[in-house]
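Visitor: Sequence first, then the predicted structure, then my questions.
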Protein chains: 2
Amino acid sequence: MQQDLLPANAPYDLEEVRRHCMQTTIITSRRLDEDLKTKVVLASETFQHTGSFKFRAAFGAALHSRADHLLAASSGNFGQALACAAAMLGKKCSIVMPEGAAATKKEAVLHYGAQLHLVDTARETRKAAVERLAAQIENVEVLSAYDDERVILGNSTLGEEIARIDNIDCVLVPVGGGGLLSGIIEGLRRQGKDIPVWGAEPKLANDGARSLRAGELLANSNEPATIADGARTISLGVKNFALIKEKAAGILEVEEESIARALVKLFHLANLKVEPTGALALAALLDHKEKLAGKKPLLVLSGGNVDPSNYSRLISG
Amino acid sequence: MQQDLLPANAPYDLEEVRRHCMQTTIITSRRLDEDLKTKVVLASETFQHTGSFKFRAAFGAALHSRADHLLAASSGNFGQALACAAAMLGKKCSIVMPEGAAATKKEAVLHYGAQLHLVDTARETRKAAVERLAAQIENVEVLSAYDDERVILGNSTLGEEIARIDNIDCVLVPVGGGGLLSGIIEGLRRQGKDIPVWGAEPKLANDGARSLRAGELLANSNEPATIADGARTISLGVKNFALIKEKAAGILEVEEESIARALVKLFHLANLKVEPTGALALAALLDHKEKLAGKKPLLVLSGGNVDPSNYSRLISG
């Protein structure tokens, strides 16, 4: 696996990716610690370019693609991140999104000058829509939001940053396709930091946890209806599963209600606006207290892009 | 004025205040810059202890008080900050609040173990309530949220931090009683940084701006009904007015509608949750574009404590 991540023919310019990303924002909150009865460190990617860690992935992939036109399916954050990265690099970009995606994410894709293609996922899968579009565009590359070495390496820059933080003894990371979890493990290990890294996955979308239990890559039968829209993936990526199976501490399954409760705690006790997917790591801490007892975890808050109507509903309980 | 700030008989331990405060969180946002058509730097005190800059003020005052019991009137943020500082220093604390204060602020005061006294401000002024209580408590000191050298010096630690930030050429600061504006000017000047510092005050509560125009300290006839509850002060403090009159670039008056619009922009374009008072500096930038044209301002976001119902209403427009 390790060699795959740095293919000999296509050297990966980690320094250029680092230079274009915002450093993650480290936040601690006395009130939150008192509530949780443990010290936690928050690494908030809500202030990353385009409001989520996905910019690291997208910039890494866009920088190392030889195509002029980048095409991807995305429930939203990878889409706007790729649109932004493409604009920065002078490339064209088309994004396929389900019709029900958050309005704020659709607007952001358009803001960065990309073409937005909405799909009725009941009638056509995102994958089919992407293939249909790809056949119509010249010199195009279809990018995966997670199953791609360039994405994992982009995300590994966050792992490097986490490696420099003292006084933590495990890391909790939201899981959709597994690109962030893989990347953080990769970045931590590159820096020689060998602490447990857990995934946090909605129970409603537990293909990752089920895959680890089965020892083989399993998929959900259709797009899971979790409120964590960034985790509505059908399965982990092939590359991600191989890395996660070997190196992750495990994947913790999380109740929907706990995701909402975690989002509300971040609002009240840390003044942090996160999207539901961004609350997964804290939700895992709430649901798996015994497993993490006595640990000082770092929680990765993966993104903050959420519609005001959805957010209002969640914080009003 | 300068000498008053460091009274000879009561040396002020700035280092101890610095050590107990969180560093301010510096945030920049490409989306926000594009929207505003200028580069802004945000200094967010929403992640300070107790969720606002007031902790700097309160800790400074509590540390340098000889009393065992601290008493203050506060629309909220100074109250919870003082309650927290008192708890850290092993002192007792009583807070007088108007009945209509944000529930989140009342809960926080109680959380830190302070006594909460609610006042019906239509029947008794906060000042009268404080005097009534002070007469009943042993070895008590009544602290002002702004008109106090110890408060100004506590807030000056934020000015010191801002002085270290490159590529800014003015600073915009919310104004209620003027303690933050005074403190930031004091901290910047101590570090030898001589850039213009503007106050941002709701037009509905423009006693500060009117006082500067008149050249004498004027007061509002009663508590102004601005949505920026941290700026519902009757007048600037005497000490603050003297310092602001001499050293501030001016006070910019801000429409209520612009405060709401600024809060929404911070939600959408910077993923930042701020309370209405925390949006005053951005609102001033929106309302005074010509005055600040071509400037790269640093905006101080003073706090983030807002009830979910109020916040939902504001972000839903």
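Guide: Great, that's in hand.
Visitor: which residues does the residue of the stretch 1-150 of chain A found nearest chain B contact?
Guide: Per CB to the nearest CB, A:Thr46 is where the stretch 1-150 of chain A lies closest to chain B, at 4.3 Å. All C-beta spots, glycine's among them, are computed from the backbone N, C-alpha and C. By CB atoms under 8 Å, 6 or more residues apart in numbering or on different chains, the contact set of A:Thr46 is A:25, A:52, A:272-274, A:278, A:301, A:303-304, B:271.
Visitor: So which of those residues are in strands?
Guide: The strands, defined by DSSP state E, take in A:25, A:301 from the contacts of A:Thr46.
Visitor: Kindly indicate which of the contacts of A:Thr46 lies nearest A:Ala209.
Guide: A:Gly278 (19.4 Å; CB to CB).
Visitor: Show me which residues of the stretch 1-150 of chain A are close to chain B?
Guide: A:22, A:25, A:27-31, A:34, A:46-47, A:49-51, A:84, A:104, A:108, A:111 (CB under 8 Å from any CB of the partner chain).
Visitor: And the buried ones among those residues, selectable in PyMOL?
Guide: Buried residues among those (16 or more other CB atoms under 10 Å in any protein chain shown), as a PyMOL selection:
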select buried, chain A and resi 25+27+29+30+31+46+47+49+50+51+84+104+108+111
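Visitor: returning to what we had before: so what's the backbone phi/psi at the spatially closest residue to the residue of the stretch 1-150 of chain A closest to chain B that is not a sequence neighbour?
Guide: Nearest residue to A:Thr46, sequence neighbours excluded (CB to CB, 6 or more residues apart in numbering or on different chains): A:Gly304, at 3.0 Å. When read as degrees, to the nearest 10, the backbone of A:Gly304 gives phi -130, psi 10.
Visitor: which ones are touching A:Gly304?
Guide: With CB under 8 Å, 6+ apart, A:Gly304 has these contacts: A:44-47, A:51-52, A:272-275, A:278, B:271.
Visitor: gap between it and B:Ile251?
Guide: 32 Å (CB to CB, to the nearest Å).
Visitor: and stretch A:287-302, what's its mean pLDDT?
Guide: The average pLDDT for stretch A:287-302 rounds to 95.
Visitor: buried residues in it?
Guide: A:287-288, A:292, A:295, A:297-302.
Visitor: Which of the residues you listed fall in helices?
Guide: Applying DSSP state H to those, the entries found in helices are A:Asp287.
Visitor: Taking the buried residues of stretch A:287-302 together, which two end up most distant?
Guide: A:Lys295 and A:Ser302 (19.9 Å).
Visitor: Identify the residues contacting stretch A:78-88?
Guide: By CB under 8 Å, 6+ apart, stretch A:78-88 touches A:20, A:49-52, A:54-55, A:57-59, A:61-63, A:70, A:72, A:74, A:92-93, A:95-97, A:105, A:108-109, A:111-114, A:116, A:143, A:145, A:305, B:30.
Visitor: Could you single out the nearest of the contacts of A:Thr46 to B:Leu204?
Guide: A:Lys273 (26.6 Å).
Visitor: hang on, the earlier thing: most neighbours among the contacts of A:Thr46, which one?
Guide: A:Gly278 (33 neighbours; other CB atoms under 10 Å in any protein chain shown).
Visitor: list the contacts for it?
Guide: A:45-46, A:52, A:174, A:230, A:263, A:301-304.
Visitor: quick one: low-confidence ranges for chain A?
Guide: Chain A contains residues with pLDDT under 70 at A:1-10.
Visitor: Can you report how many residues neighbour the nearest residue to A:Lys54 once chain neighbours are set aside?
Guide: The spatial neighbour of A:Lys54 that comes closest, neighbours along the chain excluded (CB to CB, 6+ apart), is A:Ala81 at 3.9 Å. Close neighbours of A:Ala81, defined as other CB under 10 Å, add up to 33.
Visitor: any idea whether A:Ala81 is helix, strand or coil?
Guide: Following DSSP: H, G, I helix; E, B strand; the rest coil, the label given to A:Ala81 is helix.
Visitor: Tell me the spacing between it and B:Ala214.
Guide: Taken as CB to CB, the span from A:Ala81 to B:Ala214 is 52 Å.
Visitor: Over to A:Gly183?
Guide: For A:Gly183 relative to B:Ala214 (CB to CB), the value is 60 Å.
Visitor: One more: A:Glu290?
Guide: 65 Å.
Visitor: Report how many residues lie close to the closest residue to A:Val238 other than its chain neighbours.
Guide: Closest residue in space to A:Val238, ignoring its immediate chain neighbours: A:Asp147 at 5.9 Å, by CB to CB, 6+ apart. When neighbours are defined as other CB under 10 Å, A:Asp147 has 20 of them.
Visitor: Check the secondary structure at A:Asp147 for me.
Guide: coil.
Visitor: give me the element the spatially most central residue of chain A is part of.
Guide: Central residue check for chain A by CA atoms, centre = their mean: the C-alpha nearest the mean position is that of A:Leu180, 5.0 Å away. Per DSSP states H and E: A:Leu180 is located in helix A:179-190.
Visitor: what separates the very next helix or strand once past that helix from the chain centre, distance-wise?
Guide: Proceeding N to C from helix A:179-190, the next assigned helix or strand is strand A:197-202, under DSSP H and E. Computed by CA atoms, centre = their mean, to the nearest Å, the chain-centroid distance of strand A:197-202 equals 11 Å.
Visitor: Stretch A:308-316 and chain B, any residue contact?
Guide: Yes - using CB under 8 Å from any CB, stretch A:308-316 comes into contact with chain B via A:308-309, A:311-312, A:315-316.
Visitor: quick one: buried residues of that stretch?
Guide: In stretch A:308-316, counting by 16+ other CB under 10 Å, buried: A:308, A:310-312, A:314-315.
Visitor: Enumerate residues external to that stretch that contact any of its residues.
Guide: Applying CB under 8 Å, 6+ apart, the set of residues contacting stretch A:308-316 is A:102, A:104, A:227, A:260, A:263-264, A:267, A:273, A:276, A:306, B:264, B:267-268, B:308-309, B:311-312, B:315-317.
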